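Novice: pasting the sequence and the predicted coordinates here, then a few questions.
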Amino acid sequence: DAGITQSPRHKVTETGTPVTLRCHQTENHRYMYWYRQDPGHGLRLIHYSYGVKDTDKGEVSDGYSVSRSKTEDFLLTLESATSSQTSVYFCAISTGSLNEQYFGPGTRLTVT
Amino acid sequence: AQRVTQPEKLLSVFKGAPVELKCNYSYSGSPELFWYVQYSRQRLQLLLRHISRESIKGFTADLNKGETSFHLKKPFAQEEDSAMYYCALKGNTGFQKLVFGTGTRLLVSP
């Protein structure tokens, strides 16, 4: 599992509240990613990071922000959760050598 | 632009039947292609990458640049192959981002 964990694994929250999801890795990989998984859309990239404090937007970044103050942690924040952000969120890392990505276990977020 | 198309949302076969999950891509350069698998409520796992030309769990995939395809095949499906399969592409320039298809659910019935 490439030492990737996500917390929380499940969360139910109300519309308008802020939510932070955490991705933690133990192997000091440089590249980290946040995706959301939705039926009919597959996986879509929200934000990614290529180093501490180096982040950039993916294809569906509106309503989301990220931070990476340490190599091992990549945080995803929903500034004001909406029902359209109900989804399963996956974190991933890339080792950089063969370009494949390894995924965390996912966080199932429900916004009511 | 990079795009990955998986035309089938659901593929249903019987145990022992051959399986082919289709993946077509759009990219002007020389991409790297991957297949990921997700078993029920589990994390995505890398199944195959085209540069390795390997067979994993009986699955193979060949990159056909002329047809811009990377179809996943298995000659005899097993019930434990039931899962969601995603094709993904990485371009050969710039940052290491993957573009995923929308996925195909494979259901293997006894």
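Specialist: Done, it's in. Numbering: from 1, shown residues only, chains lettered A, B, ... in the order given.
Novice: in its sheet, what does the longest strand belonging to chain A sit against?
Specialist: Ranked by residue count under DSSP state E, the longest strand found in chain A is strand A:42-51. Strands that pair with strand A:42-51, judged by DSSP bridges, come out as strand A:31-38 (antiparallel), strand A:54-57 (antiparallel).
Novice: how about those strands in JSON lines, adding mean neighbour count and mean pLDDT?
Specialist: C-beta: built from backbone N, CA, C; applies to glycine. Output for these, formatted as JSON lines (neighbours: other C-beta atoms under 10 Å in any protein chain shown; pLDDT from 0 to 100):
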{"stretch": "strand A:31-38", "mean neighbour count": "23", "mean pLDDT": "95"}
{"stretch": "strand A:54-57", "mean neighbour count": "14", "mean pLDDT": "93"}
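Novice: okay, now B:Lys74: neighbour count?
Specialist: Neighbours of B:Lys74 under the rule other C-beta atoms under 10 Å in any protein chain shown: 21.
Novice: hmm, it is touching B:Gly58, no?
Specialist: Yes: counting by C-beta atoms under 8 Å, B:Lys74 does reach B:Gly58; the two are 5.0 Å apart.
Novice: the nearest residue to A:Leu75 once chain neighbours are set aside sits in which helix or strand?
Specialist: In space, and not counting its chain neighbours, A:Leu75 is closest to A:Ser67: 4.9 Å by C-beta to C-beta, 6 or more residues apart in numbering or on different chains. According to DSSP states H and E, A:Ser67 maps onto strand A:64-70.
Novice: next, the angle strand A:31-38 makes with that strand.
Specialist: Per axes from the mean of the first three to the mean of the last three C-alpha atoms, to 10 degrees, the angle that strand A:64-70 makes with strand A:31-38 is 150 degrees.
Novice: A:Gln101 is in contact with A:Ser94, correct?
Specialist: Yes: applying C-beta under 8 Å, one finds A:Ser94 in contact with A:Gln101, separated by 4.9 Å.
Novice: before we move on, back to that, tell me which of the strands paired with strand A:42-51 lies nearest to B:Asp81.
Specialist: strand A:31-38 (20.1 Å; C-beta to C-beta).
Novice: can you give me how far the closest one is from the chain middle?
Specialist: Offset of strand A:31-38 from its chain centre (C-alpha atoms, centre = their mean, to the nearest Å): 5 Å.
Novice: ok, residues contacting it?
Specialist: Contact with strand A:31-38 is made by A:21, A:23, A:25, A:43-50, A:58, A:60, A:64, A:66, A:68, A:74, A:76, A:85, A:87-94, A:96, A:101, A:106, B:96-97, B:100, as judged by C-beta atoms under 8 Å, 6 or more residues apart in numbering or on different chains.
Novice: list, one by one, the residues from chain A near chain B.
Specialist: Applying C-beta under 8 Å from any C-beta of the partner chain, we find that chain A lies next to chain B at A:1, A:31, A:33, A:35, A:40-45, A:48, A:50, A:56, A:58, A:90, A:92, A:94, A:96, A:98-106.
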